[in-house]
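attaching a predicted model along with its sequence, questions to come.
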Amino acid sequence: MSPSIRFDLESKFGSEYGKEEEQALLDVLHQNAPTSGNACIAFEQAFAAYCGTAHARACSNGTAALFLSLLGLGVGPGDRVLTTPMTWIATAAAGATLGAEVDFVDIDPLTYNLDPNQLEAKLTPNTKAVLPVHLYGQCCDMDAILGLAKKHGFAVVEDACHALGAEYKSRKAGSMGATGCFSFHEQKNISTLGEGGIITTNDPALFERIALYRSHCTRVYGKSTKYCQLDESKFPMGKRFWWQDFEDCGYNFRMTDIQAAVGLIQLKKLDALNQRRIDIAASISEGLKEVPGLTLPTVAEGCKHVFHLYPLQLDPKAYGLTKEDFIARMLNERGIKIGTHYIPLHWSAAFQKRGFKRGQFPVAESLFERLVTLPIHPRLTQEAVEHLIDSIRALRVG
C-alpha cells in the first residue's frame, strides 16, 4: 500500500481547499481580517438561499448553533428537551447547560435516526423542544416529527451538522424546523478553516433573539452582522449610544470574516463535494454487497443522503470478527483507521450522573455493539476506495 493511500484512509479532514479559498483568505486579510463583517453578511445570505430559508446567522461552531437555538426558544429550567442517544454530546448538552431536563428517544434500526414511532410516548406537557439529528448525512422522518410538533406544541430544532445539502422530500436539511443547526468543523462536508457554524430559520422574531444573544445582546444602527441591527422604531436613538444598550447578558459566538469568505467558496463547491461522497458510498456498497455478515446503510425513500460518514454493521458470527477485532486489524494490517460514531449518550458519565442507566435504549445500544464508520471524504482516490473494499473483504473469517 502506497503512503498516499494510507494518508487518504487515515485523514480526518472532511472537505478540501483550493486556490479559490486561499485567495479569499488573502483578500480578507488585506482588509485587516475583521470579525463578522461584509463577508459574514454575504455568507449568511448565500447560505439561507441555498437552504431555502429566510434567515441565517453565522456563529463560532455547531455547538453554539444548538445552544443559541434553544436559548432563542426560551428553553430553561423546568423545560424538557428530547433527542437521540446516538449523537455527539453537543446535541444533548445544549439543553442540559441551559438547565432543562434532557431525555432520549430510541432510534430507527434502519436509518439510525430518532424513531418518531417512539417519540410521542416520551412527550410531556413540559416538552419544549425536540432535536432530531440527521445522522451520518441522512434526514430524519421529518413529516412524522413535525406532525407531532404541531399536535403537541413543541419546537423542532434540526441538528443538521452531518447533513448540509441533504434533502427530505425535496426539502433541504435545516429548512423544516424552527431552526436548523450546522457545523463547519474540519471533518464536516464543508469547513470554514477548522471550526464554524450557522443557524437557519424562517421566524424573524426567533432570528432576532438568536442574533442578539450571539453577540452580547447588543444592537447597532445600520447594516451590521457583528451585533444585532437596531430597529429605530422600537429603539429611538435619543441621547443613547449603541454600546450602552445591552438588553441582557449575552455571549460572543461570532464567526470571523476570514472564515466566512472561505465558507462562501466552500458553499459553491458543496454539491460537487457531496456528489463525490455519494459516488464513493455507492462504490463501497457495490463492493461489499455480497460479503456475509455486513449490513450496509439504508437510504430512506425520498431522502438524499450526503454520507458525512459511511455506517457499516458487523455480525460477528457471520463476518467472523468482533467490532473491536475488526477495528484493530484494519489499522494494524491494512493501515486504515475505522471510526465508531457514537457511544450512546446515556452510557456517558455526563448522563449516568443524571440518572440514566444502560438498557434504557436497546436499539441504540445493540447498534453500537456492531456499528463502525468507514473513512469517506471527497479526496479519496479510486485506488484508496478499492483498497478499503478489498481490505474489508479480505479480513472476513470463514
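Nice, thanks for sending it over.

quick one, what contacts the closest residue to Glu10 other than its chain neighbours?
Excluding the flanking residues, the one nearest Glu10 by CB to CB, 6 or more residues apart in numbering is Lys337, at 4.9 Å. Bear in mind the C-beta positions are built from the backbone N, C-alpha and C, glycine included. Neighbouring residues of Lys337 by CB atoms under 8 Å, 6 or more residues apart in numbering: Leu9, Glu10, Met330, Leu331, Pro375.

and the first one, how many neighbours does it have?
Each residue near Leu9 was counted by other CB atoms under 10 Å, and the total is 26.

the strand or helix carrying it - what's its average pLDDT?
For Leu9, the host element (DSSP states H and E) is helix 3-10. Mean pLDDT, helix 3-10: 74.

residues making contact with stretch 138-153?
Under CB under 8 Å, 6+ apart, the answer for stretch 138-153 is 108, 111, 113-114, 116-117, 119-120, 123, 127, 130, 132-134, 154-156, 158, 163, 166-169, 171, 173, 176-177, 297, 299-300, 303, 305-306.

the longest helix along the chain packs against which elements?
Counting by DSSP state H, the longest helix found in the chain is helix 257-288. With contacts taken as 3 or more CB pairs under 8 Å, 6 or more residues apart in numbering; DSSP states H and E, helix 257-288 sits against helix 19-29, helix 38-51, strand 55-59, strand 310-314, helix 382-395.

now do the third one: which elements does it pack against?
With contacts defined as 3+ CB pairs under 8 Å, 6+ apart, strand 55-59 has these neighbours: helix 38-51, helix 62-72, strand 197-201, helix 204-214, helix 257-288.

hmm, back to that, please compute how far the helix holding Leu9 lies from its chain's middle.
From the chain centre to the centre of helix 3-10 is a distance of 25 Å (CA atoms, centre = their mean, to the nearest Å).

list the buried ones in that helix?
Neighbour counts over helix 3-10 (16 or more other CB atoms under 10 Å) mark Ile5, Arg6, Asp8, Leu9 as buried.

swap in stretch 287-294?
Within stretch 287-294, the residues that qualify as buried by neighbour count (16+ other CB under 10 Å) are Gly287, Leu288, Gly293, Leu294.

closest to the centroid, which residue in the protein?
With distances taken as CA atoms, centre = their mean, Cys161 lies nearest the centre of the chain, 1.1 Å away.

the closest residue to that residue other than its chain neighbours bridge partners, please.
Of all residues not flanking Cys161 in the chain, Ser183 sits nearest, at 3.8 Å (CB to CB, 6+ apart). Here Ser183 sits in beta bridges with Gly197, as judged by DSSP bridges.

Ser183 contacts Gly62, doesn't it?
Yes: Ser183 is within contact range of Gly62, at 2.8 Å (criterion: CB atoms under 8 Å).

now the common contact residues for the two.
Residues touching both Ser183 and Gly62 (CB under 8 Å, 6+ apart) are Cys161, Gly197.

those two: which is more packed in?
More crowded of Ser183 and Gly62, by other CB under 10 Å: Ser183, with 30 against 27.
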